[in-house]
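# Requesting a structural model of the entry that follows:
(4 chains)
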There are 2 protein chains.
Amino acid sequence: MANLADKIERYLKDMLGKTAEGFVVLQRGTLAHIFSCAPSQINYVLTTRFTVERGYLVESRRGGGGYLRIVRLGLDAEGNFRHVMSELIGDELTLDRCSHIIARLEEEEVLTKRECALIKGVTSEKLAVFTPHPRRLRAALLKEVLTTVCRDDLNPDE
Amino acid sequence: MANLADKIERYLKDMLGKTAEGFVVLQRGTLAHIFSCAPSQINYVLTTRFTVERGYLVESRRGGGGYLRIVRLGLDAEGNFRHVMSELIGDELTLDRCSHIIARLEEEEVLTKRECALIKGVTSEKLAVFTPHPRRLRAALLKEVLTTVCRDDLNPDE
DNA sequence: TTTCGTTTGACCATTTTTGACTTTATGACC
DNA sequence: GGTCATAAAGTCAAAAATGGTCAAACGAAA
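Just a heads-up that it's a prediction; the model follows:
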């Protein structure tokens, strides 16, 4: 599917996937040239798709020898990610943030695609029909999910 | 035999019939152009003929690169599983009945053990903290789950 | 002739793309 | 050490590209 931002996102994630270091360094101008687009398009992609919420960190420098450095923040090894996520979730959770978190859990393979679909389904905007505080409920549901996927009895693998 | 809405409906269902993926993606504007009609006509067709009750799910995105994605909800061998389940669930659902249904879905291998655990987590008695009608919410959540597991785009076909 | 599903169009919302202008770093030259 | 040219990257708002909503007009069937 053709929209530039998505292609650039894919391109960068591919690079990140191929590198062992967990980060890539490149130049904005060069990338813009590769995709024949305005340099600010790159900023757009970075600010919409490589946010902390989605598990990325972007550092940069201007001037001669300037660069962009995109770091992938892995979920920390077994156990603690639940804590980290809980912090990220808080007491209230908008649909938008919820989607990002779920997407990240899928990318990190904490949840399967089907599980993600199930969870998206139960955290949708429809919650508002049942409570005046859908965001509180959403936060609670997602935390419950995290608690569940961490249960030892459900993760037979090693 | 010729009203526009019906033709568009047929066109889309043909497309869905031909694809193995269980979904089609297209653009509203393009489709409207093919049928030389107002773009909103497409929305009319989608909201009247591609509803969950009729076995479809529609997702969309606006803006550059926007699209419509129509997903088929498959029916299982014994006919309309989703429909049957909805009857079984109704508008309200006690924790007890909910547990039984989930257990049955696990036995039938409609849901994995992990998925069941997730769903039990989000349909627990804690719902009462957020709404005066936990049973209504529980019913809605479980229906949402059933709808999701029927999505043809999530079920690796074999 | 009333009703109800269909069709259209005017207006709204969201996401992407572009470009003009700004800020910061480096290095050469004085 | 200043000054300045050059080489990046950043910001922001306007424009473009989609899809969504809603109410009024239309028209076929009851």
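# Most proximal residue of chain A with respect to chain B?
Chain A approaches chain B most closely through A:Asn3 (2.6 Å), counting by CB to the nearest CB. Where C-beta positions appear, they are placed from N, C-alpha and C, glycine not excepted.
# Now for the spatially closest residue to that residue that is not a sequence neighbour: which residues touch it?
What sits nearest to A:Asn3 in space, not counting adjacent residues and going by CB to CB, 6 or more residues apart in numbering or on different chains, is B:Gly65, at 2.6 Å. With contact set as CB atoms under 8 Å, 6 or more residues apart in numbering or on different chains, B:Gly65 has these partners: A:Met1, A:Ala2, A:Asn3, A:Leu4, A:Ala5, A:Asp6.
# Name the SS class of B:Gly65, please.
Secondary structure, DSSP: H, G, I helix; E, B strand; the rest coil: B:Gly65 is coil.
# and it, backbone torsions?
Backbone torsions of B:Gly65, given as degrees, to the nearest 10, read phi 80, psi 20.
# Distance of the residue most central in space within chain A relative to A:Val110?
By CA atoms, centre = their mean, chain A has its centre lying nearest to A:Arg54, at 2.1 Å. Distance, A:Arg54 to A:Val110, by CB to CB, to the nearest Å: 14 Å.
# ditto for A:Arg151
13 Å.
# Show residues contacting the longest helix seen in chain A.
Assignment by DSSP state H gives helix A:134-150 as the longest helix of chain A. Residues outside helix A:134-150 that contact it (CB under 8 Å, 6+ apart): A:79, A:82, A:85-86, A:89-95, A:98, A:101-102, A:110-111, A:115, A:119, A:122-123, A:125, A:127-128, A:130-131, A:154-155, B:114, B:117-118, B:120-122, B:124, B:126, B:129-131.
# per-residue pLDDT, the spatially most distant residue from the centre of chain A?
Centroid-distance maximum for chain A: A:Gly64 at 31.1 Å, with CA atoms, centre = their mean. We have a pLDDT of 91 for A:Gly64.
# now the one 10 residues further on
For A:Gly74, the model assigns a pLDDT of 81.
# three-state assignment of it?
Three-state call for A:Gly74 (three-state DSSP): coil.
# Help me confirm that it comes into contact with A:Glu108.
Yes: the pair A:Gly74 / A:Glu108 is scored as a contact, 7.1 Å apart, by CB atoms under 8 Å.
# out of these two, which sits in the more crowded spot?
Neighbour count, other CB atoms under 10 Å in any protein chain shown: between A:Gly74 and A:Glu108, A:Glu108 has more, with 14 against 10.
# Give me the contact list for stretch A:124-133.
Stretch A:124-133 has contacts (CB under 8 Å, 6+ apart) with A:Glu92, A:Leu95, A:Pro134, A:Leu137, A:Arg138, B:Phe130, B:Thr131, B:His133, B:Arg136, B:Leu137, B:Ala140, B:Glu144.
# lowest confidence element among the helices and strands of chain A?
In chain A, no helix or strand scores lower on mean pLDDT, DSSP states H and E than helix A:81-89, which sits at a mean of 76.
# what's that one in contact with?
Contact with helix A:81-89 is made by A:53, A:75-76, A:97, A:101, A:105, A:108, A:110, A:139, A:142-143, A:146-147, A:150, as judged by CB under 8 Å, 6+ apart.
# Please pick the buried ones from the residues you listed.
By neighbour count, with 16 or more other CB atoms under 10 Å in any protein chain shown, those hold A:Leu75, A:Arg97, A:Ile101, A:Leu105, A:Val110, A:Ala139, A:Leu142, A:Lys143, A:Leu146, A:Cys150 as buried.
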